[in-house]
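J.: Fold the stuff below for me.
(2 chains)
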Number of protein chains: 2
Amino acid sequence: MNLPLGYRYSSVYAGIRKQQKDDLGLIVSGTPAAAAAVFTQNRVQAAPVRLSRQHLRLSRGVVGAILVNAGNANCATRTGDRVALASCRALARELKLPVSQVLPASTGVIGVELNPRLIVNALPRLVSGLAEGGFSQVARAIMTTDTAPKMACFEARVGTGVARIAGLTKGSGMIQPLMATTLGFVMTDARVAPARLRGILKRAVEVSYNRISVDGDTSTNDTLVLLANGAGGAVIRPKDEERFEEGVTVVMQELARAIARDGEGARKLITIHVEGARDNDAAARIARAIANSPLVKTAIAGSDPNWGRILSAAGNAGVVFEPARADIELQGMRVCRGGLAANFVEEELKKKLDQGECEIRFTLRGSGKGYACFWTCDLTEKYIEINASYRT
Amino acid sequence: MNLPLGYRYSSVYAGIRKQQKDDLGLIVSGTPAAAAAVFTQNRVQAAPVRLSRQHLRLSRGVVGAILVNAGNANCATRTGDRVALASCRALARELKLPVSQVLPASTGVIGVELNPRLIVNALPRLVSGLAEGGFSQVARAIMTTDTAPKMACFEARVGTGVARIAGLTKGSGMIQPLMATTLGFVMTDARVAPARLRGILKRAVEVSYNRISVDGDTSTNDTLVLLANGAGGAVIRPKDEERFEEGVTVVMQELARAIARDGEGARKLITIHVEGARDNDAAARIARAIANSPLVKTAIAGSDPNWGRILSAAGNAGVVFEPARADIELQGMRVCRGGLAANFVEEELKKKLDQGECEIRFTLRGSGKGYACFWTCDLTEKYIEINASYRT
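T.: The predicted model follows:
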């Protein structure tokens, strides 16, 4: 992995989660970076989400460090705001940064007080451990029910050099980001004007994190930050922007897909293509309705080519369409043509559905050119097992 | 059970489902009844739904018989319309009724051709078996993944006599009726003007079938019919209407609750009260968001008082509210006050959550008087087991 230049990473076990594995992560940019961020649309927002918004406003989009913990969402607690601020202040002192250049982020259980001493006491160890190679350590430290760390990188060649882009993320349950994401941090060493960076992030989120769902629940802590520190020398001029944005999008789609693939209890990544809708928005709504249908997700878990459930889920998307113009393909095999059963060999298709990746293609004929791609996962007994006893 | 007068019922095994238990049911009113009905809002609608709408229009809301089958939804098939019409025609001949006075209804798998001979050949047996006491037989014949038949009755005393009301219904998965229901048939022997009957049904549906969800999926076949044949002598005059409507509502709420309680794989009925919202609609949206959250439903399955998930689900309802004004009670114990953890003894509450009925009360202080009650069930491994192999 060719990591972006000018960033250092660290993680330690601060004692926030019971299990003794790293639960506190730190990302530092050598020179303060231009930053863009999106946050959860949930009415209930965690303290670190509120404070990060405020810091971005105060610092005019300049970020020197991101402090992130797992094991506690720091949400719906009496002391949440104070804990988030105290942690940022202590880190700012340690790093000699203005406090507004520190962004906090948290993930874990909601409604349990977070002890700020645990974080503050761990900071010296955390800071002294900073290293350019600590990237994957942070990816591990922010895992909750994730079964694997999630990282992605890409190099975009632009006129002025190479823009290295790398991201890390977490997420497995409570995943249906809307205009935001679970925790995700994407770093680049290109130089990008802050206003440009915001536009790039917004468009990239729309086709990556906003196109995944594990269980239809949107978290209170969703945070996605994109940092650009300019340490690599490449400058993103207007004519380079498209290529750079492609790179950011590639990294964010890979991260988002990794979340869907690692959905709680999931055995299969499901990719849903919807095409021929009135517009992209209608396509995305149909794709989301299919992705959120427990009946579709359990059918895929059981390798059951029950396309009627897909058609029925699409019919619930709140989008007007003619069922008689709907075709459905599963794993590239036509199972429904014009809203009716197509000829397919069930045994053959069942075998294809046993694979770790499943593709659903829902096509409307003669309605328009709207297209959306959406990722989700199958729904298995394991999801229940994980979530019936998450706190205990 | 004091059944409404003037109705007869029958069921037989017609060979539509593999398992040899009754799969064809018939409800006949001795004198054609005034009828009101609501149907699924899914864009994909089964042939019997379309034909029932048409028959109600043609007969001006007069119904003599309802023919219902399980084992096949007669939806998204080449011959669906013809099969539904042929079945109704054959029955109309047998009963000497205009065909438009016969309503068809189906439930079962989508996208598999339904052989009309199976139904037509079974009709003589079905008709000859008609009996006043066959009510519970029909309730059994329409079961799919249901573990129990679902019936309810009530006697409303009005000025002109007694209005007997009885209903039967089915449903366990693909349950989130919207402005309609799964299959449900409610009979009364009161005399009610058709226009009145429609108003009564619409309002009663709003607070019963439209307030339940098992998995957030809305079926393609949802049908709820209310018949009033006047055979009991009671006449519903304007001043009796409120009392009669209460009776219909009681029966329909009991049926709806029975569906939620028997949700696929469910061990617990969950009743959600939301109060203090801006208006009833806002309350219902919050209640629905809580009811549809897999994380809330799995927590209840595990008797885990994880109220943060309830608060987070409410925050996703698309309703503006202040989390700092939200209180949550579980089984009558305050777990969240003003968006923060309340003092409660976790072990005690866990024990209370082990019961077969769970109550969630979500209260907003100082926002309004909006109230809604909603029913759902817990989400267990069994739901997955049932749905990963429904067709096989």
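
J.: Nearest residue to A:Gly302 in space, please, no chain neighbours.
T.: Closest residue in space to A:Gly302, ignoring its immediate chain neighbours: B:Ala388 at 2.9 Å, by CB to CB, 6 or more residues apart in numbering or on different chains. In this view, the C-beta of every residue, glycine as well, is placed from N, C-alpha and C.

J.: in terms of contact, does the one you found touch A:Val296 like I think?
T.: No. Applying CB atoms under 8 Å as the test, B:Ala388 and A:Val296 come out as separate, 11.3 Å apart.

J.: which one of these two has more residues nearby?
T.: Set B:Ala388 next to A:Val296 and count neighbours by other CB atoms under 10 Å in any protein chain shown: A:Val296 wins out with 28 against 21.

J.: from what I can see, that one looks like it's in a helix, true?
T.: Yes. Under DSSP: H, G, I helix; E, B strand; the rest coil, A:Val296 falls within a helix.

J.: about what we covered before: so how far is A:Glu381 from the residue nearest to A:Gly302?
T.: 9 Å (CB to CB, to the nearest Å).

J.: tell me which parts of the stretch 251-392 of chain A are close to chain B?
T.: A:292-295, A:298-299, A:301-302, A:304, A:306-309, A:311-317, A:319-321, A:323, A:336, A:339-341, A:379-381, A:383-385, A:387-392 (CB under 8 Å from any CB of the partner chain).

J.: Strands - which of those land there?
T.: A:Cys336, A:Leu340, A:Ala341 (DSSP state E).

J.: wait, isn't the first one in contact with A:Arg309?
T.: No. Counting by CB under 8 Å, A:Cys336 stays clear of A:Arg309, with 11.0 Å between them.

J.: Spell out the residue ranges of the helices in the stretch 201-350 of chain A.
T.: A:241-261, A:280-291, A:294-301, A:307-315, A:346-353 (DSSP state H, counting those that start in this stretch).

J.: same deal with the stretch 51-200 of chain A?
T.: Going by DSSP H, counting those that start in this stretch, the stretch 51-200 of chain A shows helices at A:80-95, A:116-128, A:135-141, A:194-206.

J.: Any chance of those in JSON lines with distance to chain B, mean neighbour count and mean pLDDT as columns?
T.: Converted to JSON lines, those look like this (distance: least, CB to the nearest CB, whole Å; neighbours: other CB atoms under 10 Å in any protein chain shown; pLDDT from 0 to 100):
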{"stretch": "helix A:80-95", "distance to chain B": "9", "mean neighbour count": "20", "mean pLDDT": "97"}
{"stretch": "helix A:116-128", "distance to chain B": "17", "mean neighbour count": "17", "mean pLDDT": "97"}
{"stretch": "helix A:135-141", "distance to chain B": "22", "mean neighbour count": "21", "mean pLDDT": "95"}
{"stretch": "helix A:194-206", "distance to chain B": "18", "mean neighbour count": "18", "mean pLDDT": "93"}
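
J.: Which of those sits closest to B:Arg288?
T.: In terms of CB to CB, the element of the helices of the stretch 51-200 of chain A nearest to B:Arg288 is helix A:194-206, at 26.3 Å.

J.: so what does the closest one touch, helix or strand wise?
T.: The contact analysis (3 or more CB pairs under 8 Å, 6 or more residues apart in numbering or on different chains; DSSP states H and E) places helix A:194-206 against strand A:24-39, strand A:223-228, helix A:241-261.

J.: quick one: contacts of it?
T.: Residues from elsewhere that reach helix A:194-206 (CB atoms under 8 Å, 6 or more residues apart in numbering or on different chains): A:34-38, A:60-62, A:177, A:179-181, A:192, A:224, A:226, A:228, A:236, A:241, A:244-245, A:248-249, A:252.

J.: Buried among those? Make that a ChimeraX selection.
T.: Per 16 or more other CB atoms under 10 Å in any protein chain shown, the buried members of those correspond to this ChimeraX selection:
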select /A:34,35,36,37,38,61,62,177,179,180,181,192,224,226,228,236,241,244,245,248,249,252
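
J.: Tabulate the helices of the stretch 51-200 of chain A in JSON lines, adding columns for distance to A:Leu269.
T.: What follows is those, written out as JSON lines (distance: least, CB to CB, whole Å):
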{"stretch": "helix A:80-95", "distance to A:Leu269": "34"}
{"stretch": "helix A:116-128", "distance to A:Leu269": "34"}
{"stretch": "helix A:135-141", "distance to A:Leu269": "19"}
{"stretch": "helix A:194-206", "distance to A:Leu269": "20"}
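
J.: out of these, nearest to B:Trp375?
T.: Closest among the helices of the stretch 51-200 of chain A, using CB to CB: helix A:80-95, at 33.1 Å.

J.: between that closest one and strand A:24-39, how many degrees?
T.: 120 degrees (axes from the mean of the first three to the mean of the last three CA atoms, to 10 degrees).

J.: picking that back up, can you tell me which of the ones in strands among the residues of the stretch 251-392 of chain A next to chain B has the most neighbours?
T.: A:Cys336 (25 neighbours).

J.: Who does that residue form a beta bridge with?
T.: A:Ile328, A:Ala341 (DSSP bridges).

J.: how about it, what does it touch?
T.: So A:Cys336 contacts A:Trp307, A:Ile310, A:Leu311, A:Ala326, A:Asp327, A:Ile328, A:Ala342, B:Ala76, B:Gly111 (CB under 8 Å, 6+ apart).

J.: Please apply the same query to A:Ser312.
T.: Taking CB under 8 Å, 6+ apart as the test, what A:Ser312 contacts is A:Ser293, A:Leu295, B:Asn42, B:Val44, B:Ile110, B:Met174, B:Asp217, B:Thr218, B:Ser219, B:Thr220.

J.: Out of those, flag the one nearest to B:Leu85.
T.: Nearest member of the contacts of A:Ser312 to B:Leu85, counting by CB to CB, is B:Thr220, at 18.1 Å.

J.: Okay, that closest one and chain A: tell me how far apart.
T.: Note on B:Thr220: its distance to chain A, by CB to the nearest CB, to the nearest Å, is 5 Å.

J.: from what I can see that residue touches A:Gly315, true?
T.: Yes. Applying CB under 8 Å, one finds B:Thr220 in contact with A:Gly315, separated by 6.5 Å.
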